[in-house]
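Q: With the input below, show me the fold.
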Amino acid sequence: MLNKILRRSTGQTKDQSKDRVLPVVWLLGKTAAGKSSLVRALTEQSDAEIGNGFQPCTRSAHSYDFPPEEPLVRFLDTRGLGEAGYDPADDLAACRNRSHVLLVLCRLDDPVQGVVADALGDIAAHDKDMRAILVLTGKDLIPDPEACERAERTIAAQMTRAARRELPRVSLSLAPNETTDTVGLDALRHHLLDALPAAGLLLEKTRASDAEQLEFQKHKRCVLSYAGVALTSDIAPVVGMVAVPVTQMKMLHELGLRYGVKWDRKIGAAFLSTMGLSVGARYAANFGLRELAKLIPVYGQTVGAATAGAISFATTYALGRAAAYFLYRTAQDSPPSEEELRKVYQRAFKRSSDEAD
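A: Numbers count the residues shown, from 1 in each chain. Model prediction:
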């Protein structure tokens, strides 16, 4: 019964239920809009890896899981709109139910975007809360800055009418032989972080400013993996009450191994005490689920209308980030102060929640 609830809540089929639920980025656009090239640029995978990685998921749509060895995000690519004999209605209906953010791709040198606007309008009519980002590709194909700006305004206005609201947008170049458009890609990653933190945190290009941040980059995907499990576990509240703290406990132990610090009662008590939690002493006496469960809400109670899953994702990621900072400093014989650790947690929570600025 529980598996049926989870599948229905996540849009999974029985065959898919063996796979962990992933945040899904849906790419929508005409043929040659640059969908595969965009995935390549965001993931920094080669054309061959991207081309071989996409697998059929509907009659005319394909999905690509990244990273391939331990997927944390799924890209969903529908067939190019406007192709002769292709009716996208079935694909649009199927993809609406399994996507978390929509990337609407339009080439700036192609002003005829009616089929994309129609598809976007259909999606918006069925799901007014669908998060969408307008990605204008081919910036390199219009060398005149004024002409490029006019094309941006024209297409953006068309998509605004279709979506019935203004979409965040970014213009970029995906030319394979040109220098990577870091400005455009960074802008898109920023929008993704706002729209879908689970994907944005994975795809962002973090520039470490010190040795601790550089070390955390080696373990970031580990933390994101556990945060993703927590998100999935909390789809059904009764399951989440047990599964989320278990997931967090496993994450803390693995981080301890990665940082060369054994996560025992003493370290656990020191961590919670430094976090400023009143349960620190009891945690040391009873290193179990009941105390760890009290760790879940911590600073996350101000997330307003966020779902339980989103809260669990954000708190788990923030907990992992704070633990990594604590373990690194502990291994260096320089334990952080309560204020330092709280700031690390709060900053990580804000970046990984749907309420991020």
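
Q: Low-confidence bits of the stretch 251-357 of the chain, can you list those?
A: 276-308, 354-357 (pLDDT under 70).

Q: brain fart, the stretch 101-250 of the chain
A: Across the stretch 101-250 of the chain, the ranges flagged by pLDDT under 70 are 176-180, 233-242.

Q: Spell out the residue ranges of the strands in it.
A: 101-107, 131-137, 169-171 (DSSP state E, counting those that start in this stretch).

Q: among those, which is the most enclosed?
A: Counting by mean count of other CB atoms under 10 Å, strand 101-107 has the highest mean neighbour count of the strands of the stretch 101-250 of the chain, with a mean of 25. Heads up, the C-betas are built off the backbone N, CA and C, glycines and all.

Q: That one - contacts with which helices or strands?
A: strand 24-29, helix 35-43, helix 114-126, strand 131-137, helix 145-163 (3 or more CB pairs under 8 Å, 6 or more residues apart in numbering; DSSP states H and E).

Q: And this structure, what are its domain boundaries?
A: Annotated domains of the chain cover 2-203, 211-352 [automatic domain parsing].

Q: How far does the longest one sit from its chain's centre?
A: If I follow you right, that is domain 2-203. 13 Å (CA atoms, centre = their mean, to the nearest Å).

Q: Going by neighbour count, which residues of the helix or strand hosting T274 are buried?
A: Using DSSP states H and E, T274 falls within helix 265-275. Neighbour-count burial for helix 265-275, with 16 or more other CB atoms under 10 Å as criterion, is recorded at I267, G268, A269, A270, F271, L272, S273, T274, M275.

Q: and the closest residue in space to L22 that isn't next to it in sequence, helix, strand or coil?
A: Once flanking residues are discounted, L22 sits nearest to R74: 4.3 Å by CB to CB, 6 or more residues apart in numbering. The assignment at R74 comes out as strand when based on DSSP: H, G, I helix; E, B strand; the rest coil.

Q: Which strand residues bridge R74?
A: V24, D65 (DSSP bridges).

Q: what's the neighbour count on it?
A: By other CB atoms under 10 Å, the residues close to R74 number 21.

Q: List the residues that contact it.
A: When contacts are counted by CB atoms under 8 Å, 6 or more residues apart in numbering, R74 touches L22, P23, V24, V25, S63, Y64, D65, F66.

Q: Check the gap between it and H62 for me.
A: Taking CB to CB, to the nearest Å as the measure, R74 falls 11 Å from H62.

Q: if we can go back for a sec, between the strands of the stretch 101-250 of the chain, which gets nearest to M249?
A: Evaluated over the strands of the stretch 101-250 of the chain, closeness to M249 peaks at strand 101-107, with 30.2 Å, by CB to CB.

Q: List the pairing partners of that closest one within its sheet, with orientation.
A: Going by DSSP bridges, the partners of strand 101-107 are strand 24-29 (parallel), strand 131-137 (parallel).

Q: E83 is nearest to which of those strands?
A: Across the strands paired with strand 101-107, E83 has its closest neighbour in strand 24-29 (11.7 Å, CB to CB).

Q: Using CSV, write out every CA atom in that closest one.
A: This file holds the C-alpha atoms of strand 24-29, laid out as CSV (Å, rounded to 0.1, in the frame of the first residue of the first chain):
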residue,chain,number,x,y,z
VAL,A,24,13.5,16.7,-13.1
VAL,A,25,14.5,19.5,-15.5
TRP,A,26,12.2,19.5,-18.6
LEU,A,27,13.7,20.9,-21.8
LEU,A,28,11.1,22.2,-24.3
GLY,A,29,11.8,23.7,-27.7
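
Q: State whether A318 and K343 are indeed in contact, as I suppose.
A: No. Here A318 does not reach K343: they are 11.1 Å apart, not a contact under CB atoms under 8 Å.

Q: Between these two, tell me which one has more neighbours.
A: A318 (25 against 14).

Q: Can you give me the distance of that one to E215?
A: Using CB to CB, A318 is found at 18 Å from E215.

Q: returning to what we had before: possible to save the strands paired with strand 101-107 as a markdown table with distance to R207?
A: A markdown table is the format used below for the strands paired with strand 101-107 (distance: least, CB to CB, whole Å):
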| stretch | distance to R207 |
| --- | --- |
| strand 24-29 | 23 |
| strand 131-137 | 23 |
